[in-house]
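**Q** My questions concern the predicted model and sequence given below.
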Amino acid sequence: MATPAPVSKAVIPAAGLGTRFLPATKAMPKEMLPVVDKPAIQYVVEEAVSAGLHDVLMVTGRNKNALENHFDRAGELEAVLSSKGDDEKLQKVNFATGLADVHYVRQGDPKGLGHAVLRAKMHVGHEPFAVLLGDDIIDERDPLLPRMLKVQSELNTTVVALLEVDPSQTHLYGIATVEPTDEEDVVRITGLVEKPAPGTSPSNLAIIGRYVLRPEIFDVLERTEPGKGGEIQLTDALQELASGPSWSGGVHGVVFRGRRYDTGDRLDYLKAIVQLAVDREDLGVDFRPWLTSFAAQLGAAEAPQDGEDG
């Protein structure tokens, strides 16, 4: 088997409408919603860069100009901060500007994740590449992408990130059927199904938003028919690779057991902010005792009073 080319490019699909966060996302991309004090998309770009991927392609749609503005120079803002001597804020602004070599392509028709990935074909070329979804923030203390890149390089395969979820939640994810390998955190995927009906899931290993894909995925996506929701599903294309000939490299999964924050809906978004804030050096020391006191007050308010049925 030929030695695979090293992965150097990351693709971040960011064309979704963010309807679950309306009206906040009526005029602002959901990827720009703040998670503590950084937009969600910046966490994802930082993760790619930390793994050595400085060439980032964002697949965007209409009304996503704020994404480009965030990673571009802001001359007037920089001048104001500089004149005030606010070096700390100026450093944060400049950090986002110089974080990566960011490129943009429009998805056009909203035909699903598979179609968004396919829009990266011209930029990626004939190399393996990473895909990072903005709804999943991986804690920087529990790096996942470097492990996936290592597995891809060693096995010359397509790699997806897997997470054990409660069986009652499997209908919300793409779910994998797997076989063990010699490495505890690596499995070979033999089948994939997108959002199986309750009670029909083949396992509780869910695909989360990190992929390292061989370029053969583009040929498969070009002939993949719309699936669930009338969209071109990346899961369907991965299923074809998983059951395809040996030369395709198959599909493997890295089972992630670290900290992951889901910003995909309102409740999980709020949980993500709290989880990240309590561990911040600049916020946690004051936020943790306040949160503990607030939770105790809630518990006291909800506890049955004397004379009430328990």
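**A** Here it is on my side, so go on.

**Q** How is the protein divided into domains?
**A** Split into domains by automatic domain parsing, the chain comes to 9-264, 265-300.

**Q** gap between the two ends of the last one?
**A** In this case it means domain 265-300. End-to-end distance of domain 265-300 (Cα to Cα, to the nearest Å): 28 Å.

**Q** ok now do the residue nearest in space to the middle of the chain, which residues does it touch?
**A** The residue lying closest to the centre of the chain (Cα atoms, centre = their mean) is L133, at 2.9 Å. Residues near L133 by Cβ atoms under 8 Å, 6 or more residues apart in numbering: 12-13, 44, 113, 208-210. Bear in mind the C-beta positions are built from the backbone N, C-alpha and C, glycine included.

**Q** Now Q107: phi and psi?
**A** phi -80, psi -30 (degrees, to the nearest 10).

**Q** From the structure, what's the count of residues near it?
**A** Neighbouring residues of Q107 were enumerated by other Cβ atoms under 10 Å; the total is 22.

**Q** That one and G114 touch, don't they?
**A** No. Using Cβ atoms under 8 Å, Q107 is not in contact with G114; the gap is 11.1 Å.

**Q** So G258: helix, strand or coil?
**A** coil (DSSP: H, G, I helix; E, B strand; the rest coil).

**Q** how about the residue nearest to the centre of the chain, phi and psi?
**A** With angles defined as degrees, to the nearest 10, L133 sits at phi -90, psi 140.

**Q** who touches the nearest residue to A15 once chain neighbours are set aside in this structure?
**A** Distances taken as Cβ to Cβ, 6 or more residues apart in numbering put G61 closest to A15, at 3.6 Å, once the chain neighbours are dropped. G61 makes contacts with 14-17, 106-108, 110, as judged by Cβ under 8 Å, 6+ apart.

**Q** Local confidence estimate at G61?
**A** pLDDT recorded at G61 is 86.

**Q** if I look at the nearest residue to L53 once chain neighbours are set aside, how far off is Q233?
**A** The shortest distance from L53 to any non-neighbouring residue, by Cβ to Cβ, 6+ apart, is to A10 (4.2 Å). Per Cβ to Cβ, to the nearest Å, A10 is found 21 Å from Q233.
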